Each structure stands twice: as C-alpha cells, then as structure tokens.
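*Asks:* Got a predicted model here, sequence first, then my questions.
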There are 2 protein chains.
Amino acid sequence: MRALRIGLVGLGKIALDQHIPAIRSGVAFELVAGAGRAPTGIGVPVFEDFRAMLDAFALDAVVLATPPAPRYTIARVFLEGGVDVLLEKPLCSTLGEAQELALLAGRTGRVVFGAWHSRYNEAVQRAAVITQSEGIATMSIEWLENAEKWHPGQRWIWEAGGFGVFDSGMNALSIATRLSAETLTIESADLTLHEAGQQAIAADVMLRAASSPQPFQARFDWRHQGEERWNIDIRTFAGTHLMLERGGAELSIDGHRIETQSDEYPTLYDEFAHLIAARKSDLDAEPLRLVADIFMKARRL
Amino acid sequence: MRALRIGLVGLGKIALDQHIPAIRSGVAFELVAGAGRAPTGIGVPVFEDFRAMLDAFALDAVVLATPPAPRYTIARVFLEGGVDVLLEKPLCSTLGEAQELALLAGRTGRVVFGAWHSRYNEAVQRAAVITQSEGIATMSIEWLENAEKWHPGQRWIWEAGGFGVFDSGMNALSIATRLSAETLTIESADLTLHEAGQQAIAADVMLRAASSPQPFQARFDWRHQGEERWNIDIRTFAGTHLMLERGGAELSIDGHRIETQSDEYPTLYDEFAHLIAARKSDLDAEPLRLVADIFMKARRL
C-alpha cells in the first residue's frame, strides 16, 4: 500500500514539534507540502496560500494546525476539494462550525478527524478502561503551565476567539470526557482575565457527573512558575485510585506506576490512517462543548 | 380523556403573564399547584419547595419557569419522580445540562419538552415553510427592547449564568434556527457589557449559513427606548421577501400582511400535550448552542 500524500496547513510550534516528526516516524503518510508562513528547512515545498497547495498537489489528506479562527473556512475548501482532514484541537472556533464540518464530510464522502491528541497517550487509554467500567467517584484536575514558555508570541490566544488558558486546558477536558462514561456538566466557573481583557489566564471550574456525590474541581493556570503540573487524580466507585501525570503520559494505579508508551502524536496518526481506510469520521466536540458551557456560565474576575 | 394534572415551578412574570392563562385557556391541562415565592391569587396551592409539591400531588406534568440556573436540578427531580417536564427557554444554563436531561428522559421513559415559545407563532410556522424550501439568501435581525420594562428587578439576568440581552435574544435565535434549513454559525460577535460587568446589555452578531453569500447581521439591544422592535427581515434565494415583526407574531410576504393567529403559548401547550400522548421528547438546543458559540467567540467591550 502506498503512503497517503499529506499536506500541513499552519507551520507553527505544534506543527514543527509534533506533527512533522509524527508523520515522518510512521509509514502511513508521506508529507508532501506545507502552507503557512514559511519556516526554514521542513524539506518539502511551502506555499503561502493553502489553496495553491491544494491546486499543486494531489493530496489524500491534510492537517490543519493553524490557530482555530480560520480552520472552518480552510477545512471546507479541502473537504469540498476531495481531501480528508485532520483538525488539531480545539477543532474549530465554535460548536456550530464543528457540526457543519461533520455534515459536510458526510455529504462529500470525506473523512474528518477531530484530533484530541492527549487522548492518544497509552496511559489515558489504559485509565479509561478502568474509569468507564468502575465509574468516577471523585476527580481533581490541575493544569498549570507558563504561557510564555508554551505560547511564545502567540497574540491570537488572548484575543476574542482565542481561548486563553483553555487552549491547553482543553487537553485536560479531552482526557476527562474520554474517562467519564457520563456527561460532564459545568456547575460553576471563575475566570481570572488576562490583562488584554478578553481571555482567561486562570480558571477555577467545578464539573459534575450526575452520579458523583461531589463536584469535580479543575484548576487551570498559565501563570505557573517552574515545572508544569498536568495532573488528573481520580478515585473510582470501586475504590481504585488513578493518577495521570505529565498531561496523560504517565499513569499510576493505587500508587504503582504502570509502564506505558508516551507516543500520542504517532498514535493519533495511526488512528487517522485507520479512519481513512474505514472511510469513517470522528469529530467529537465534547471538550469544546465544555469550554463553551464554561464561557456561558462563568463569572469573570 | 381527563385533563393532565400540571404543576408550575417559578411564579414570576412569565408564569403569570403567559403560562397560567395558556394552561387555563385549553382543555388538555389542569393547573393543580405551584411552587415558588408565592404571588397572591393564582387559585391553587403554592409551595415554597418544589419537592413538597411533587410529594403532595400526583402530577402528570410540570412546567419550569424559574431562572435558568436551578432548572437542571429541578428537572432531574421531576423526571426521576415520573413527571413529564416542559422547560421554558433557555432550557437550562448550559448545553451539557440539556444533553443530560435528554438522556435522563430517555432512561426514565419521561417526556421533556424544550419550549422555544416564539417558534409557536403561526406567522413563524408559515414563514418556515417558505424559507426551508427556498433557502435564506439574506437575513437581518433586530431585537430591541427595554430591560427595565421586560425584566423589572431581575438581578439574576445580569449575573454569571444569566444571559443578559440574550435572554430575549434567544427568542430571535430560536426563530432563526427554525427558519434555516442549514446550520447557523457565528462569524463574529461584539458584546457591550452591562455595568455589572458579567453580561451583555447589547450585542452585534454576524451569523452565517454555508450557502449564504453574505453573513446575517443580528443586533440585540436592551437600552432601547420606545416601542419594541423585534423584527426579522429575510430574502430567499427565490426572491421572496419575508418580514416577521412583533417577535414573530406578524408576517408580511412581499409587502403584503398575511393573516395569522398570535397564540404562541396556547399552541405550545397543544404541542406539549401531543408530545405527552406520543411519549416523545423534543429538546432542541440549537438556540442555546448559538448563544454558547457567541459567548466563546465574542469580543467584550
């Protein structure tokens, strides 16, 4: 089977750090072109305009790793142009856009994959088997990092539509929704706004599942100094204690560290290849839905 | 067939102005009790605690006309107590709550009805037949009223979770989503915040349907003086010009006024009776989804 010819739109940090190495580490895809403000040396032709890339190459698939605002428009062009689409989280800038892309993929017979990368850690998949069967009695999330380190010079992130601290906080929510067999609802949310006034730099959120006796506390903070803390601490109704650390890369069960692989992006590309072979879309908007509910319910400080 | 015994939780302006008269104007329901801060003279026993009402009466159905924040918790109690539930708009305070109530209604075999009252104007139903078949080329919404007149003393409306101008703006969005055969997405939104700082007192929103050449402009303003302007102006792809006025109560087609009935709440109760007879829920969250997308995408001024 020949490799699928894939293009990459948006050549920022996540594209260079994760997508290009992951594509090149596997055999399913061959990176043939990029679009965006050109970085040096990705080894394939780079176009300023994504439409020029679409016209120039017979692409099988494309990855959209731009900021969220233009994703919807770009995704439409590729789906209508006969290309299967992988959307980096947070998929799109609104729930309506995600709904419409799912419909469009159905109408055009293309595959659209909403790639919540944190879910593809083996540790998360292992944890989910337990939490889905035993049920989550308590859950506590802390997602603390430094915005300067992870989003250097990204002004869009603080602007309207930019998500602020939820840009990475959505990774935690993508894991939480994967772990929970029940709908998670937002009970309350306090947002501490960044000085630009549009987006939160920190947030305290109370989540709830219908069967849980207590709400689940989630703390997101981009003012954190020192090593990142990306942890989810869970106790099931059967009494099992699960601790996910390092953004879902590491799992301990009842205090014992479980050996797992931390290869989220390569696994995510394996999944994309499977979806393409099966001609099946996967566009789960639940993490984005939680963020929308937080924005709607939040108290802004 | 005996009348269905119905209770009413939340005895504010909308309950007194609309729900009680509508229930009493028909034969399908008999109002047997209320719960809330007691107004004088609704002619049935009133309980401070909705649970006491549930315990005291063998209710077939209940209407929740409280502010949105407690709705979800109350609705769960009634669904689990074997009672069919009508939710005043905006249904719940989050999309997750609406999702979970739909699931719970399914599990308990109860009916839940999300009652977007503006849709039940005959003028809206007539307009929808045309717009669904001809497609919407242009749409312009203005929803201008005075907050003091329509929400006297309602502090919750300005607080976190209170929706501000979208509390009534959602009526326009409930009509727009009924009229459009396509998903409506939010392109941009500018919110002018009320002095309390949490909710918008005015909003300029650009909506879009995939096939429309131009975005649809929607203006919501609660600082309006004088007569309300609740208008939706539409041109279809076939060139038909539709004008909905007075909140969907009046329709003109190509400048000619169409004779219609304006009986939204009685029609809404007829629909609830039909859903109960068919054991079928109807919980369309699209208008609330648009508001969530607005909150997530908006620039706050």
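*Replies:* Happy to help now that I have it.

*Asks:* contacts and neighbour counts: CA atoms only from here.
*Replies:* Will do.

*Asks:* Just the CA atoms of stretch A:49-66, as PDB, please.
*Replies:* This file holds the C-alpha atoms of stretch A:49-66, laid out as PDB (Å, rounded to 0.1, in the frame of the first residue of the first chain):
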ATOM      1  CA  ASP A  49      -1.700  30.200   0.300                       C
ATOM      2  CA  PHE A  50      -3.300  26.900   1.200                       C
ATOM      3  CA  ARG A  51      -5.400  27.000  -2.000                       C
ATOM      4  CA  ALA A  52      -2.200  27.000  -4.000                       C
ATOM      5  CA  MET A  53      -1.000  23.900  -2.200                       C
ATOM      6  CA  LEU A  54      -4.400  22.200  -2.900                       C
ATOM      7  CA  ASP A  55      -4.100  23.100  -6.600                       C
ATOM      8  CA  ALA A  56      -0.500  22.000  -6.900                       C
ATOM      9  CA  PHE A  57      -0.600  18.600  -5.200                       C
ATOM     10  CA  ALA A  58      -3.000  15.600  -5.500                       C
ATOM     11  CA  LEU A  59      -3.300  15.300  -1.700                       C
ATOM     12  CA  ASP A  60      -5.100  12.500   0.000                       C
ATOM     13  CA  ALA A  61      -5.200  14.200   3.400                       C
ATOM     14  CA  VAL A  62      -4.400  17.500   5.100                       C
ATOM     15  CA  VAL A  63      -3.600  18.500   8.700                       C
ATOM     16  CA  LEU A  64      -4.900  21.900  10.000                       C
ATOM     17  CA  ALA A  65      -2.600  23.200  12.700                       C
ATOM     18  CA  THR A  66      -3.400  26.900  12.300                       C
END
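
*Asks:* Quick check: buried residues in that stretch?
*Replies:* Buried residues in stretch A:49-66, counted by 16 or more other Cα atoms under 10 Å in any protein chain shown: A:50, A:53-54, A:59-66.

*Asks:* quick one: low-confidence parts of chain A?
*Replies:* Residues of chain A that meet the criterion pLDDT under 70 lie in A:38-39.

*Asks:* Would you mind splitting it into its domains for me?
*Replies:* Chain A breaks down into these domains under automatic domain parsing: A:4-115, A:119-261+A:292-300.

*Asks:* Figure out how far the last one is from the centre of its chain.
*Replies:* I take that to be domain A:119-261+A:292-300. 12 Å (Cα atoms, centre = their mean, to the nearest Å).

*Asks:* That one vs chain B: in contact?
*Replies:* Yes. Domain A:119-261+A:292-300 is in contact with chain B by Cα under 8 Å from any Cα of the partner chain, via A:159-163, A:183-186, A:197-198, A:292-293, A:295-300.

*Asks:* circling back to that earlier point, looking at the buried residues of stretch A:49-66, spot the one nearest residue B:4.
*Replies:* Nearest to residue B:4 out of these is residue A:64 (Cα to Cα; 53.8 Å).

*Asks:* who does that closest one bridge with?
*Replies:* Taking DSSP bridges as the rule, residue A:64 bridges to residue A:9, residue A:87.

*Asks:* who does the strand or helix carrying residue A:172 touch, helix- and strand-wise?
*Replies:* Taking DSSP states H and E as the definition, residue A:172 sits inside helix A:166-179. If you count contacts as 3 or more Cα pairs under 8 Å, 6 or more residues apart in numbering or on different chains; DSSP states H and E, helix A:166-179 packs onto helix A:122-134, strand A:136-144, helix A:286-297.

*Asks:* Point out the most buried one among those.
*Replies:* Of all the helices and strands packed on helix A:166-179, helix A:286-297 carries the top mean neighbour count, a mean of 25, counting by mean count of other Cα atoms under 10 Å in any protein chain shown.

*Asks:* Could you list the paired strands of the helix or strand just after that helix along with their orientation?
*Replies:* Next along the chain after helix A:286-297, taking DSSP H and E as the criterion, comes strand A:299-300. Strand pairing for strand A:299-300, using DSSP bridges, gives strand A:184-193 (parallel).

*Asks:* Measure how the helix holding residue A:172 sits relative to strand A:136-144, angle-wise.
*Replies:* Following axes from the mean of the first three to the mean of the last three Cα atoms, to 10 degrees, one obtains 160 degrees for the angle between helix A:166-179 and strand A:136-144.

*Asks:* Show me what helix A:166-179 is in contact with.
*Replies:* A:89-90, A:116-119, A:124, A:127-129, A:131-132, A:141, A:143, A:157, A:183-184, A:200, A:220, A:230, A:232, A:247-248, A:286-288, A:290-291 (Cα atoms under 8 Å, 6 or more residues apart in numbering or on different chains).
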